[in-house]
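Enquirer: Below are the sequence and a predicted model; questions follow.
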Amino acid sequence: LAKERGRACLQRFDAPMRDHLLDRLELVSDLRHAEEEGQLLLHYQPLFGARSRRLRGCEALVRWQHPSRGLVGPTRFIPAAEETGLIVPIGTWVLNEALRQMRAWLDAWPDAGSEAVPDAVIPAGIAAGPGAGPGGKGLFVAVNLSVRQLNEPRLVETVQALLERWRLPASVLCLELTESSLMAEPDHCVAVLSRLRDLGVTLAIDDFGTGYSSLAYLRDLPVSKLKIDRSFVASMQNDHSGRNIVAAIRTLAREFGMETVAEGVETEAQYQALRLIGCDMVQGFHLARPGPAEAMEVFLSGGIP
Ligand code: C2E
Ligand code: MG
Ligand code: MG
Ligand code: MG
């Protein structure tokens, strides 16, 4: 009886499990060709000054136009790309494409992003001016970097070569790393991030608050932005503790000379609360959803959400 029941269970659970695995295998084998087949594309989500509501920059978010599955989001293929190492060529493609787009935008809107300077925190000792670290003038594009890319020996040279290729100052590029990815090999991370920072690239910690980095480590990271995870922004509505956490992160960031970006801003109430707390930048569906490059034009022209 137990055997029969066992078989019944296997039949119930095996087919979906098998389908899931086959589906994943197929996705990974398709992913190997996605880049060369021209199936990858970027959407951009604007980041606004919290006080001015003016455009400061944008985040490039990769999508995969799959021939039969339609538009596939990064949460469905980035983990597999990281496991297989495909993230390295895909990540290089993302960097190149984001910088190519940035070159085109800056040619058409040379002053874009420079109006919101009063929002910026400029730490003592850092001169303001085009490309001057946090709060520096000018539009930036944020690109997500996976830990596999950070471990790639040629990363810094690749970044430098792509900036030169598109004749861009390093300050237009912000690289986002998740807090958890920075905890893997702290010494190595600090070394690579310092080289990127020395190039003039800006660095941000993504999904901040969800990892467990020590304050001493955080202080030593050459990072200029903290992106407050959207779970904290979401919890501001319901309870005071959510609001207090955001305020505490904001205070900590300022202490370390970093700007704060609130992600996942979905309501006007959240936006107003973040503004009162003194977050520097806001990003979220309430202000603008990620969209194709053309959707950025209204904000590049000075429009406010
Ligand atoms: P992330 O870097 O934290 O990016 C923000 C994600 O939150 C995006 O999802 C964005 O669409 C979503 N989002 C923005 N505003 C809101 C909001 O108001 N509410 C809610 N609920 N969500 C919001 P997306 O595009 O699906 O990207 C998911 C993750 O995939 C990214 O999280 C990032 O970790 C990763 N990713 C995206 N592009 C790349 C890439 O080029 N390379 C790497 N390594 N990872 C990438
Ligand atoms: Mg990000
Ligand atoms: Mg994020
Ligand atoms: Mg996030």
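Expert: Yep, it's here. Numbers count the residues shown, from 1 in each chain. Ligands and ions are numbered 1, 2, ... in the order given.
Enquirer: Please list all residues in contact with Val201.
Expert: With contact set as CB atoms under 8 Å, 6 or more residues apart in numbering, Val201 has these partners: 159, 170-171, 173-175. In this view, the C-beta of every residue, glycine as well, is placed from N, C-alpha and C.
Enquirer: 10 Å - rerun?
Expert: Val201 makes contacts with 140, 143, 156, 159-160, 163, 169-175, 193, 195, 222, 224, as judged by CB atoms under 10 Å, 6 or more residues apart in numbering.
Enquirer: So among these, which ones count as buried?
Expert: With burial judged by 16 or more other CB atoms under 10 Å, the buried subset of the contacts of Val201 is 140, 143, 156, 159-160, 163, 170-175, 193, 195, 222, 224.
Enquirer: which one of those sits closest to ligand 2?
Expert: Checking the buried ones among the contacts of Val201 against ligand 2 with CB to the ion, the nearest one is Val143 at 8.5 Å.
Enquirer: for the stretch 151-300 of the chain, what spans make up the strands?
Expert: 173-178, 202-208, 225-228, 259-262, 281-282 (DSSP state E, counting those that start in this stretch).
Enquirer: what's the closest of the buried ones among the contacts of Val201 to Arg54?
Expert: Set against Arg54, the nearest of the buried ones among the contacts of Val201 by CB to CB is Phe140 (13.5 Å).
Enquirer: Is the closest one in contact with Glu176, as I believe?
Expert: No: Phe140 is beyond contact range of Glu176, at 11.1 Å (criterion: CB atoms under 10 Å).
Enquirer: List the buried residues in the strand ranked longest in the chain.
Expert: Among the segments of the chain that qualify as a strand by DSSP state E, the longest is strand 55-66. For strand 55-66, the neighbour count (16+ other CB under 10 Å) marks 55-64, 66 as buried.
Enquirer: okay, among the residues you listed, which ones form the most distant pair?
Expert: Arg56 and His66 (32.4 Å).
Enquirer: Heading C-terminal from the longest strand of the chain, find the next helix or strand.
Expert: For strand 55-66, the following helix or strand on the C-terminal side (DSSP states H and E) is strand 70-72.
Enquirer: Spell out which parts of the stretch 101-250 of the chain neighbour ligand 2.
Expert: With CB under 5 Å from the ion as the criterion, the stretch 101-250 of the chain meets ligand 2 at residues 144, 176, 206.
Enquirer: Which residue comes closest to the first one once chain neighbours are left out?
Expert: Take Asn144 and drop its neighbours on the chain: the residue closest to it by CB to CB, 6 or more residues apart in numbering is Glu176, 4.9 Å away.
Enquirer: Could you tell me how many residues sit around the nearest residue to Tyr217 once chain neighbours are set aside?
Expert: Nearest non-adjacent residue to Tyr217, counting by CB to CB, 6+ apart: Pro186, 5.9 Å away. Close neighbours of Pro186, defined as other CB atoms under 10 Å, add up to 14.
Enquirer: Could you do the one 10 residues further on as well?
Expert: Applying the criterion other CB under 10 Å, we find 21 residues in the vicinity of Leu196.
Enquirer: what does Leu86 give?
Expert: By the measure other CB under 10 Å, the count of residues near Leu86 is 19.
Enquirer: cool, Ala288 as well?
Expert: That count, for Ala288 with other CB under 10 Å as the rule, works out to 22.
Enquirer: So it is in contact with Cys58, correct?
Expert: Yes: using CB under 10 Å, Ala288 is in contact with Cys58, at 9.0 Å.
Enquirer: joint contacts of those two?
Expert: Taking CB under 10 Å, 6+ apart as the criterion, Ala288 and Cys58 both touch 44-48, 295-296, 299.
Enquirer: Specify which member of these is nearest to Ile90.
Expert: Out of the shared contacts of Ala288 and Cys58, the member with the shortest distance to Ile90 (by CB to CB) is Tyr44, at 17.2 Å.
Enquirer: now that closest one: how far from ligand 3?
Expert: Plainly put, Tyr44 is 14 Å away from ligand 3 if you go by CB to the ion, to the nearest Å.
Enquirer: Might one say that that residue is in contact with Glu59?
Expert: Yes: if you go by CB under 10 Å, Tyr44 and Glu59 touch, sitting 6.9 Å apart.
Enquirer: what do the two both touch?
Expert: Contact with both Tyr44 and Glu59 is made by residues 98, 141-142, 290, according to CB under 10 Å, 6+ apart.
Enquirer: Let me see the contact set for Pro292.
Expert: Pro292 neighbours (CB under 10 Å, 6+ apart): 41-44, 63.
Enquirer: So which of those residues wins on neighbours?
Expert: Tyr44 leads the contacts of Pro292 on contacts (other CB under 10 Å) with 25 neighbours.
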